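*Asks:* attaching a predicted model along with its sequence, questions to come.
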Amino acid sequence: RRIRITNIMMKETKEEREKTVEAVSRDRLYLIDAVLVRIMKARKTILHQQLIPQVMEQVKVPAQPADIKKRIESLIEREYMERDSKDR
């Protein structure tokens, strides 16, 4: 016996698409946070100019340096990371 299953293509509404894009963006932010914390746990201290390329290398999704900088600021505000007082 053979059973046929028809594929019904459901159209995605504009609201659903916006929800999906928002969820993906939020997940990417968490991914960048995780990569930053992982690198900092391994390295303890690192220069900003060295951190950005390492994060971009490890993050598999397209990320802009400005996005990474915002995530660094967010982690500093939440006290996951801190700036070196001697460096600034």
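*Replies:* Here it is on my side, so go on. Numbers count the residues shown, from 1 in each chain.
*Asks:* and the gap between residue 54 and residue 16?
*Replies:* Using CB to CB, to the nearest Å, residue 54 is found at 35 Å from residue 16. Where C-beta positions appear, they are placed from N, C-alpha and C, glycine not excepted.
*Asks:* count residues in the vicinity of residue 51, would you?
*Replies:* 20 (other CB atoms under 10 Å).
*Asks:* related to what we said a few turns ago, more crowded one of residue 54 and residue 16?
*Replies:* Ranked by neighbour count (other CB under 10 Å), residue 54 and residue 16 place residue 54 first, with 17 against 11.
*Asks:* this protein: helices as residue ranges?
*Replies:* For the chain, the helices defined by DSSP state H occupy 14-43, 48-58, 65-77.
*Asks:* out of these, which gets nearest to residue 3?
*Replies:* Proximity to residue 3, assessed across those by CB to CB, is greatest for helix 14-43 (29.7 Å).
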